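Participant: Fold the following, please.
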Amino acid sequence: MPRSKLHRFWSGAAFAAALFVSAATSAATRPFHLVLEANPAAPFPFLGRFGEVELHVYPHGVRAETIWLKGFSANGSRDLTVENPLSRMYTNVPVAHLGSMIHTLAGSALTKIDPQTPPPVLAPVSGTVHGIAAQRYRIVYGEDAWIDLWTTRTLGDSPQLRALVQQLVSGISPMTGRSAAAIPGVPVYVELNFSHYKRLPLLKVKNLTFSADDEESALKVGRLYAEAPLPDSIWK
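Facilitator: Numbers count the residues shown, from 1 in each chain. Here you go, the predicted structure:
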């Protein structure tokens, strides 16, 4: 692939993987249930096997649901618990291993797609996303190339989401991971603007309620699931 196309191709890579899901344990001052909708395959086809991803963010953890896999991770946990509803099996995958797993899924697609230095992040601009007070952080790759990441602090913190995001972003693009690590708040909207992806939304708010009645069940293994001894048992 020509170098110019590789540059355009990598532009969405870092955050696309991060949306599938990124270790402090502080929580928001009130319960909430933030539902985010992501389509990581739009800029990065190797993630198409997961289809659209729905993220359920709670004060004490995060749950992700795709067309064939589900997963959750509570604040402070070293693991991401992955469930396969078809086989009724689950396994615990160390969060620290997620980056290498993304590399395995991508294969040769990640060759030469990482910048040599951390891309700069512009000063935040205040605004709203889906009625939520938020700030826009722009990660800049060139004059007409950037990723806009909107985050909010009105929900307190989502440390496990940030931990998962940071791990996965760094797994695809270590230099972008360094830039993203400095951005505070809970992500509520991500948009790409590159020559190949004009104003392409990767992540958006689907719903926000200030109730977390289903949080307990969302952050534990479903009934009648058996533990798989190896991660391969879940992915197959």
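Participant: Which residues are in contact with the residue lying closest to residue 52 once chain neighbours are set aside?
Facilitator: Sequence neighbours aside, residue 39 is the residue nearest to residue 52 in space, at 5.4 Å (criterion: CB to CB, 6 or more residues apart in numbering). Any C-beta I mention is one placed from the backbone N, CA and C, and that applies to glycine too. Contacts for residue 39 were tallied using CB atoms under 8 Å, 6 or more residues apart in numbering; they are 19, 52, 53, 201, 202.
Participant: what does residue 129 give?
Facilitator: By CB under 8 Å, 6+ apart, the contact set of residue 129 is 150, 152, 188, 189, 204, 205.
Participant: at 7 Å what do you get?
Facilitator: Shown in contact with residue 129 (CB atoms under 7 Å, 6 or more residues apart in numbering): 150, 188, 189, 205.
Participant: Mind listing the residues bridging to residue 209?
Facilitator: residue 33 (DSSP bridges).
Participant: Begin at 36, not 1, for the rest of this chat.
Facilitator: Understood, numbering begins at 36; the last thing we discussed is residue 244.
Participant: So it versus residue 155, what's the distance?
Facilitator: Per CB to CB, to the nearest Å, residue 244 is found 36 Å from residue 155.
Participant: for residue 252, same thing?
Facilitator: Separation of residue 252 from residue 155 (CB to CB): 42 Å.
Participant: same question, residue 100
Facilitator: 34 Å.
Participant: Output the below-cut-off pLDDT ranges for the protein.
Facilitator: Applying pLDDT under 70 to the chain picks out residues 36-64, 76-85, 138, 140-149, 206-207, 265-271.
Participant: try it again with 50
Facilitator: Applying pLDDT under 50 to the chain flags the ranges 36-63, 147, 268-269, 271.
Participant: Please, where are all the strands along it?
Facilitator: Here the chain has its strands, by DSSP state E, at 68-73, 88-93, 96-100, 105-109, 114-119, 124-129, 160-164, 167-177, 180-187, 221-228, 235-244, 261-262.
Participant: same for the second one, what does it pack against?
Facilitator: Going back to what we said before, that points to strand 88-93. Helices and strands touching strand 88-93, by 3 or more CB pairs under 7 Å, 6 or more residues apart in numbering; DSSP states H and E, are strand 68-73, strand 96-100, helix 250-253.
Participant: Please apply the same query to the first one.
Facilitator: The helices and strands touching strand 68-73, judged by 3+ CB pairs under 7 Å, 6+ apart, are strand 88-93, strand 235-244.
Participant: What about residue 107, how many residues nearby?
Facilitator: Residue 107: 25 surrounding residues under other CB atoms under 10 Å.
Participant: need the contact list for the residue lying closest to it once chain neighbours are set aside.
Facilitator: Among residues not flanking residue 107 along the chain, residue 98 sits closest, at 4.2 Å (CB to CB, 6+ apart). Contacts for residue 98 (CB under 7 Å, 6+ apart) come out as 91, 107, 253, 254.
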